[in-house]
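K.L.:
Let's see this in three dimensions:
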Amino acid sequence: MRDFAEVGGLMNYGANIVDAWRQCGLYAGRILKGARPSDLPVVQSSKFELVINHQTARMLGLTVPDKLLVAADEVIK
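P.N.:
A predicted model of the protein is given here:
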């Protein structure tokens, strides 16, 4: 969850929470239409995001490589 990096964690890499909730909605819709939960496939999130807290890195005396900063979905300054 990106919340960890937003509140001061160094970085976070994980599933996009909006995409995860969308998938939950799709599952709920299938069940409401009559599908048996045991028949539904397990789905892995398809969208992942990298969030880097650059301010925390500076406070810890760490240098984040430019390639990593460019690859990040969001950099908190």
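
K.L.:
This protein: strands as residue ranges?
P.N.:
11-15, 48-53, 74-76 (DSSP state E).

K.L.:
if we compare those, which one ends up closest to P65?
P.N.:
Smallest distance to P65 across those (CB to CB): 10.4 Å, for strand 48-53. Any C-beta I mention is one placed from the backbone N, CA and C, and that applies to glycine too.

K.L.:
Of the strands of the chain, which is nearest L60?
P.N.:
Going by CB to CB, the one of these nearest L60 is strand 48-53, 9.9 Å.

K.L.:
Does anything pack onto the closest one? Which helices or strands?
P.N.:
helix 3-6, strand 11-15, helix 66-71, strand 74-76 (3 or more CB pairs under 8 Å, 6 or more residues apart in numbering; DSSP states H and E).

K.L.:
What is the least confident helix or strand in this protein?
P.N.:
helix 3-6 (a mean of 87; mean pLDDT, DSSP states H and E).

K.L.:
Return the set of buried residues in that one.
P.N.:
Under the neighbour-count criterion of 16 or more other CB atoms under 10 Å, helix 3-6 has A5 buried.

K.L.:
what does that helix rub up against?
P.N.:
Residues outside helix 3-6 that contact it (CB atoms under 8 Å, 6 or more residues apart in numbering): M11, N12, V51, I52, N53, T56, I76.

K.L.:
pLDDT score assigned to the fourth one?
P.N.:
Just to be clear, that refers to I52. We have a pLDDT of 96 for I52.

K.L.:
per-stretch mean pLDDT over the helices and strands packed on strand 48-53, give me the minimum one.
P.N.:
helix 3-6 (a mean of 87).
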